[in-house]
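Trainee: Sequence isn't available, so here's the structure alone:
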């Protein structure tokens, strides 16, 4: 009798690292899991990518139709042993898949919804523990009454965050009343346009929250089926705002940190409260935190891996983040080595102004830097550069690793002095 095939389902896409992780897991555990990817039927054809990545079956469906999803998954659903996805942008699709694979270890559809809606997230943080979240208010317009409520409850400086948009898109900081009025009107106008383009019928809501002063960190956690979490090392984050950009992209990420163990434990304790507030289970969670004078506060949480975390964790501690993602969804314990291998940093460079990219100077010099592990250039000369808050991507990303922290910091400085991104 032929053995029944067993599958791991990836929702909307699978990275090259994901295919490597499945292959490695199969070899290590003596399994033969096949990869299935389910995509929106209206997205671009993915057949060639599927063939290159050794995908067993590429399924398509209409994610707005439960019947279409069920029809696509029906021949395989009893043999799907795990399911996962990448990024906040794919969480809404995962939410729609969850009811069709009830015996697979996944977060609930409701938890996924709360974890990707900035307003719902803040509301549940406040209910669970007011001390982990800054004061906030939700508005639907830029009328005089809304402005007065914002000033009275929040004060300045403050941050405007549209609900339901990815990453730092349209996130804006305001220091005074005139700036608040103009920014709120502009944000509402842009959000309405995005909602119209995406055929979203609901009225846009805007989260306005107190700006938190302090140092930013982030951490990834492996949350098991019972909601218990094991944490990866903390990562220090310097945003674009800290180096003069009017934007909140992650400019520098650095691990391990120089924090005391007791301070790290407090950060993990607050991160655990955020996980519990959203009732997450069977997922990796990425938690962004601010270390303030009043203690650790939650910036936000995503039910997914943090950016660059696989590279950072595997270089610094030998933690295979992609493999652990599979283990969590297969009901197994993640493997988290504790011995430090190297200090790791990731730099993301944006053009200092928006416009057409002319050239990137210093690339050849950077390739000779001792700590360099990887450099990816995403925008070519002639292409448009946008800030992250306007939906733009970085011009280039650089991964560095060194067993000596001071040498790593020196190489970061060298690269900052070498690179010159010119846009007009």
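Mentor: Yep, it's here. In this text the structure is predicted, and so the values were computed from the model without any measurement. Numbers count the residues shown, from 1 in each chain.
Trainee: going forward, measure contacts and count neighbours with C-alpha atoms only.
Mentor: Noted.
Trainee: so what's the most centrally placed residue in the chain up against?
Mentor: The structure's the chain has its C-alpha centroid closest to residue 306; by Cα atoms, centre = their mean the separation is 4.7 Å. By Cα atoms under 8 Å, 6 or more residues apart in numbering, residue 306 lies in contact with 219-220, 285-286.
Trainee: redo that, cut-off 10 Å
Mentor: 86-88, 218-221, 284-288, 321 (Cα atoms under 10 Å, 6 or more residues apart in numbering).
Trainee: Out of those, name the ones that lie in strands.
Mentor: Among the contacts of residue 306, the residues falling in strands (DSSP state E) are 218-221, 284-288.
Trainee: Residue 169: which of these is nearest?
Mentor: Residue 169 lies nearest to residue 288 out of the ones in strands among the contacts of residue 306, by Cα to Cα, at 16.1 Å.
Trainee: Enumerate the beta-bridge partners assigned to that closest one.
Mentor: Counting by DSSP bridges, residue 288 is bridged to residue 218, residue 300.
Trainee: what about it, how many neighbours?
Mentor: Residues within reach of residue 288, counting by other Cα atoms under 10 Å, total 22.
Trainee: same deal with residue 205?
Mentor: Residues lying near residue 205 (other Cα under 10 Å) number 19.
Trainee: Dihedrals phi and psi, the closest residue in space to it that isn't next to it in sequence?
Mentor: In this structure, residue 205 finds its nearest non-sequential neighbour in residue 140, 4.9 Å apart by Cα to Cα, 6 or more residues apart in numbering. Main-chain dihedrals, residue 140, degrees, to the nearest 10: phi -120, psi -10.
Trainee: ok, now which ones touch residue 140?
Mentor: Residue 140 touches 146, 184, 188, 203-207, counting by Cα under 10 Å, 6+ apart.
Trainee: out of those, who has the most neighbours?
Mentor: Within the contacts of residue 140, neighbour counts (other Cα under 10 Å) peak at residue 184, which reaches 25 neighbours.
Trainee: That one: which element?
Mentor: Using DSSP states H and E, residue 184 maps to helix 177-197.
Trainee: residue ranges of the strands in the stretch 101-250 of the chain, please?
Mentor: For the stretch 101-250 of the chain, the strands defined by DSSP state E, counting those that start in this stretch cover 136-139, 158-162, 172-174, 206-210, 215-223, 229-231, 235-239, 250-255.
Trainee: Give the rounded mean pLDDT of the fourth one.
Mentor: Taken as a whole, strand 206-210 has a mean pLDDT of 93.
Trainee: which strands and helices sit next to it?
Mentor: Packing contacts for strand 206-210, counted by 3 or more Cα pairs under 10 Å, 6 or more residues apart in numbering; DSSP states H and E, involve helix 118-128, strand 136-139, helix 144-153, strand 158-162, strand 172-174, helix 177-197.
Trainee: Which one of those lies nearest to residue 244?
Mentor: Closest to residue 244 of those, according to Cα to Cα: strand 172-174, at 13.0 Å.
Trainee: Direction included, what does that closest one pair against?
Mentor: strand 158-162 (antiparallel).
Trainee: Now do the buried residues in the strand it pairs with.
Mentor: By 16 or more other Cα atoms under 10 Å, the buried positions in strand 158-162 come out as 158-162.
Trainee: quick one: that strand to helix 144-153, angle?
Mentor: Using axes from the mean of the first three to the mean of the last three Cα atoms, to 10 degrees, one finds that strand 158-162 and helix 144-153 are set 130 degrees apart in direction.
Trainee: contacts for strand 158-162?
Mentor: 117-119, 135-139, 150-151, 167-176, 180, 183-184, 187-188, 190-191, 204-212.
Trainee: please redo it, this time with the cut-off set to 7 Å
Mentor: 170-175, 205-211 (Cα atoms under 7 Å, 6 or more residues apart in numbering).
Trainee: again, but for stretch 58-72
Mentor: Residues from elsewhere that reach stretch 58-72 (Cα under 7 Å, 6+ apart): 36-41, 50, 93, 96, 100.
Trainee: which of the residues you listed tops the neighbour count?
Mentor: residue 36 leads those on contacts (other Cα under 10 Å) with 26 neighbours.
Trainee: Surely that one is in contact with residue 9?
Mentor: Yes: Residue 36 lies in contact with residue 9 (Cα atoms under 7 Å); the separation is 4.8 Å.
Trainee: thinking again about what came up before, which of the ones in strands among the contacts of residue 306 lies closest to residue 246?
Mentor: Using Cα to Cα, the ones in strands among the contacts of residue 306 come closest to residue 246 at residue 288, 19.3 Å.
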